[in-house]
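Enquirer: what follows is a predicted protein model with its sequence.
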Amino acid sequence: MKKLSIILAFLIIYPALHADEGMWLPMLLKQLNEKDMKSMGMKISAEDIYSINNSSMKDGVVLFGRGCTGEIISSQGLLLTNHHCGFGQIQDHSSLEQDYLKDGFWAADKSKELPNPGLTVSFIVRMEDVTSTVLKGINPLFSEREREDYISVRMTQIADSARAGTHYEAIVKPIYNGNEFLLIISEVFRDVRLVGAPPQSIGNFGKDSDNWVWPRHTADFSLFRIYAGPDNKPADYSPDNQPYKPKYHFKISTSGISENDFTMVYGFPARTNEYLTSFAVDNIVNVSNPLKVDLRGKRLDIMNKHMNADRAVFIKYADKYSGVSNYHKKWAGEARGLQRANAINKKKELENTFQSRVGESLLFKDYEKLLTSFEKTYSQLGPVMYELDLFSEAIFASEIIRFSYSLRKVAESETISESLRNEIKKSAEAFFKDYHKPLDIELSKTVFTEYYHKSKRNYSPSQTVFYEKIDGSKVNAKIDSVFNSSFLDDEQLVYEWLASDDSTFKAKFLNDAAWQIASFYYNSFYTDVVPEFRKLNTEISELSRKYTEALRLVIKEKKYYPDANQTLRVAYGKAEGYYPADAVEYNWFTTAEGILQKNNTGSADYEIPQRLRTLIENKDFGAYADKKDGKLHTCFAASNHTTGGNSGSPVFNAKGHLIGTNFDRNWEGTMSDVYYDINQVRNIVADIRYTLFIIDKFAGAGHLLAEMEVVD
């Protein structure tokens, strides 16, 4: 009876047996998921989704840039991703004279498509389990640091061997907290050009008001094209390159879907921590997230004030603001969702079940003290993490301080080489392109004041005098003196410094006020805080590896997926709404009527072009109206398990046809990086019909639709 009661308790407290939860490795779908997926309505096979020997859906999904996903939607290398994923490139091409952020951009033909130096897209060639090869020869007596060092060398060796003699890239990544390892072979294309993007008022409709929020009405998309050399292989940018001929491109469905229909997301989710203990979740909810949300909120107020006062500043800071804002709201929603889901107690209940089962068998004796060790280590790590978060969100937020510290090679180098000068010049060009000194002055005063009052560090006697020079009562005056005396905040003075002779070059930098403040705070931080964090984090890593191993052995009735780590994954669920609060129900899709309703509030976040308003008022939806209700569906919600990195991911129907582009999660469900709750978690998708409507009816870029394969 005891074992039965434990199993029943587990099923009640840990209902994560839903097919909707999980970010699954596509190479294992046949063994683990295909039966579930077909029971939910999927009409294709696991082999259609991922195949090594044949062209499959994996060949149409790309890692876009460093942290998004994209999908191939034509035989000519046309690529669809989110507007916010292409935002940096759109911003780079924008100016007051050609404001593509405000007006949008549509290349009339391929000759007008805009190159983007540094932007890459990566296709997965294959994934391979190399766990036995990585761990071969490992000494069981190794310390955790020795184990990590050994594995790091082995991973590099395996990747180098796989890459040798090919034009492919290779990397080995750990999964299940370092218990298993994957070799990933990819083909990386370096000539990627901007093809089209709607105005920001459409591509980011709702702005901060709607970020991480459902219901949504955002056409969050942009279009790029991959170019290749004459052999259809990756090549550096050249006007002679030709559009890439992909192995696979997705058919686009305009037939729509119904509530509870099967949906699937394919992409590169960046980071989840589903196997954290209650001690870690408690720190997230009660310490880390509240601190970071508070500090980012103050930064956003300052940025918003300066951006609203000057369009040129708005263009400079649009991408920075988006980055700060995105996680500000995400962390707030994550903490709220974890509290609402009672995640800390649910984790504790799981841990109690785990501990009970461990005590029942001598086979699990090695795991008896795992949770006790976790509790002890987290009690030490908590205060260190607090200082780490505070430094990152305060001192690191000051642009001039961060820029000054990025030039530390000047202080470290015995001679000033030409290559170092060139490196500094490139850094300066990138920094000043998007820099506004009055904004940074106000922001620096705020974050240094916050740091002084919130930090609990005990500085050493040798540091105290310097630290007191910038105490809470003197911050404003000290920051003013830094900006008044430093040359590093002035583009012209930096270039004059770069042209100076070697005899004064280093001395001028070392005497600069911004560098002196930066070096003090960074060096004291890296001396006092970082070593302790690394030591404790290594202990946590070892405990997490053993705990993940133990969970899979002790609680076998659950199917386990590895945490996201920007490897290719599949998530599946169904189109459905949810109940965010008592007596509140959200429908699973939105329509263009909601755009006008929000626009009519007068909020600047809901401004739209007059042309879009006219099209909606006239119900001029063309072929993109829903066949059942005649309305233009804009977005839909589904229960696919997603996270950062899934931005831009293709969303498919049961036949494997493209029905939308993933771009967000609901605010209540942002906690899914830590704890998945089927009742709260929803991913948010731009309906492909709204995307096509914007391209065709709004932008008049029908030539782009002509190269797509649209099915009814």
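Expert: Thanks, I have the structure now. Residues are numbered from 1 along each chain as shown.

Enquirer: flag the shaky bits of the chain, pLDDT-wise.
Expert: For the chain, applying pLDDT under 70 flags the ranges 1-19, 460-469, 472.

Enquirer: one more time with 50, if that's ok
Expert: For the chain, the stretches with pLDDT under 50 are 1-18.

Enquirer: and the next helix or strand past the top helix by length along the chain?
Expert: Longest helix in the chain by number of residues (criterion: DSSP state H): helix 311-340. Per DSSP states H and E, the first helix or strand lying C-terminal to helix 311-340 is helix 343-358.

Enquirer: contacts for that following helix, please.
Expert: 6, 9-10, 13-14, 276-278, 281-282, 285, 337-338, 364-365, 367-368, 371, 550-551, 554-555, 671, 674-675, 677 (Cβ atoms under 8 Å, 6 or more residues apart in numbering). In this view, the C-beta of every residue, glycine as well, is placed from N, C-alpha and C.

Enquirer: what angle do it and helix 311-340 make?
Expert: Helix 343-358 runs at 50 degrees relative to helix 311-340, counting by axes from the mean of the first three to the mean of the last three Cα atoms, to 10 degrees.

Enquirer: regarding Ala637, what is its secondary structure?
Expert: strand (DSSP: H, G, I helix; E, B strand; the rest coil).

Enquirer: oh sorry, the question was meant for Ile226
Expert: With three-state DSSP as the basis, Ile226 sits in strand.

Enquirer: ok, now which ones touch it?
Expert: 62, 72, 77, 79, 121, 189, 191-192, 243-244, 246.

Enquirer: residue boundaries of the helices in the stretch 451-600 of the chain?
Expert: 461-468, 475-485, 491-498, 502-510, 513-528, 530-554, 593-599 (DSSP state H, counting those that start in this stretch).

Enquirer: for Ala706, find the nearest of those.
Expert: Evaluated over the helices of the stretch 451-600 of the chain, closeness to Ala706 peaks at helix 593-599, with 26.8 Å, by Cβ to Cβ.

Enquirer: how many neighbouring residues does Asp149 have?
Expert: 12 (other Cβ atoms under 10 Å).

Enquirer: my bad, should have said Gln91
Expert: Number of residues near Gln91 (other Cβ under 10 Å) recorded here: 20.

Enquirer: quick one: it and Asp319 touch, right?
Expert: Yes: contact criterion Cβ atoms under 8 Å: Gln91 and Asp319 qualify, at 5.2 Å.

Enquirer: where exactly do the helices run in the stretch 101-250 of the chain?
Expert: Going by DSSP H, counting those that start in this stretch, the stretch 101-250 of the chain shows helices at 131-135, 144-163, 200-203, 207-210.

Enquirer: and those helices, which is most packed in?
Expert: helix 200-203 (a mean of 23; mean count of other Cβ atoms under 10 Å).

Enquirer: out of the contacts of Ile226, which is most surrounded?
Expert: Within those, most neighbours by other Cβ under 10 Å means Val62, with 31 neighbours.

Enquirer: hmm, back to that, quick one: closest of the helices of the stretch 451-600 of the chain to Ser56.
Expert: Nearest of the helices of the stretch 451-600 of the chain to Ser56, taken as Cβ to Cβ: helix 530-554 at 28.3 Å.

Enquirer: which positions within the closest one qualify as buried?
Expert: Residues 530, 536-551, 554 are the ones in helix 530-554 that count as buried (16 or more other Cβ atoms under 10 Å).

Enquirer: which strands and helices sit next to that helix?
Expert: Applying 3 or more Cβ pairs under 8 Å, 6 or more residues apart in numbering; DSSP states H and E, one finds that helix 530-554 contacts helix 144-163, helix 343-358, helix 370-393.

Enquirer: returning to that earlier point: chain center to the longest helix of the chain: distance?
Expert: 12 Å (Cα atoms, centre = their mean, to the nearest Å).

Enquirer: state the distance from Thr591 to Gly256.
Expert: 12 Å (Cβ to Cβ, to the nearest Å).

Enquirer: what touches both of those two?
Expert: His633.

Enquirer: Asp528 reaches Phe520, doesn't it?
Expert: No: Asp528 lies out of contact with Phe520 (Cβ under 8 Å); the separation is 11.9 Å.

Enquirer: quick one: closest of the helices of the stretch 101-250 of the chain to Thr377.
Expert: Nearest of the helices of the stretch 101-250 of the chain to Thr377, taken as Cβ to Cβ: helix 144-163 at 12.0 Å.

Enquirer: restricted to buried residues, select the contacts of helix 343-358 in PyMOL.
Expert: Here is the PyMOL selection string for the buried members of the contacts of helix 343-358, based on 16+ other Cβ under 10 Å:
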select buried, resi 6+10+13+14+276+277+278+281+282+285+337+338+364+367+371+550+551+554+555+671+674+675+677
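
Enquirer: the contacts of helix 343-358 in strands, which ones?
Expert: Per DSSP state E, strands hold no members of these.

Enquirer: re the thing from before, and the helices and strands packed on helix 530-554: which comes nearest Ala430?
Expert: helix 370-393 (20.6 Å).

Enquirer: which other helices and strands contact the helix or strand following the closest one?
Expert: Using DSSP H and E, the next helix or strand after helix 370-393 towards the C-terminus is helix 399-406. With contacts taken as 3+ Cβ pairs under 8 Å, 6+ apart, helix 399-406 sits against helix 418-433, helix 437-454, helix 513-528.

Enquirer: so which other helices or strands are in contact with the second one?
Expert: Right, the one you point to is helix 437-454. Applying 3+ Cβ pairs under 8 Å, 6+ apart, we find helix 437-454 packed against helix 289-309, helix 370-393, helix 399-406, helix 475-485.

Enquirer: can you list contacts of the helix or strand just after the third one?
Expert: Read that as helix 399-406. Downstream of helix 399-406, the first helix or strand assigned by DSSP H and E is helix 409-412. Contact with helix 409-412 is made by 416, 420, 423-424, 505-506, 509-510, 515, 519, as judged by Cβ under 8 Å, 6+ apart.

Enquirer: which of the residues you listed lies closest to Phe181?
Expert: Of all the contacts of helix 409-412, Phe181 sits closest to Glu423, with 34.5 Å by Cβ to Cβ.

Enquirer: ok, back up a step: just send the contacts of Ile226 back as TSV, with distance to Leu568 too.
Expert: Listed next are these as TSV, based on distance: Cβ to Cβ, whole Å:
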residue	distance to Leu568
Val62	10
Ile72	14
Gly77	19
Leu79	16
Val121	13
Phe189	16
Asp191	22
Val192	19
Pro243	24
Tyr244	19
Pro246	16
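
Enquirer: sounds good, over and out.
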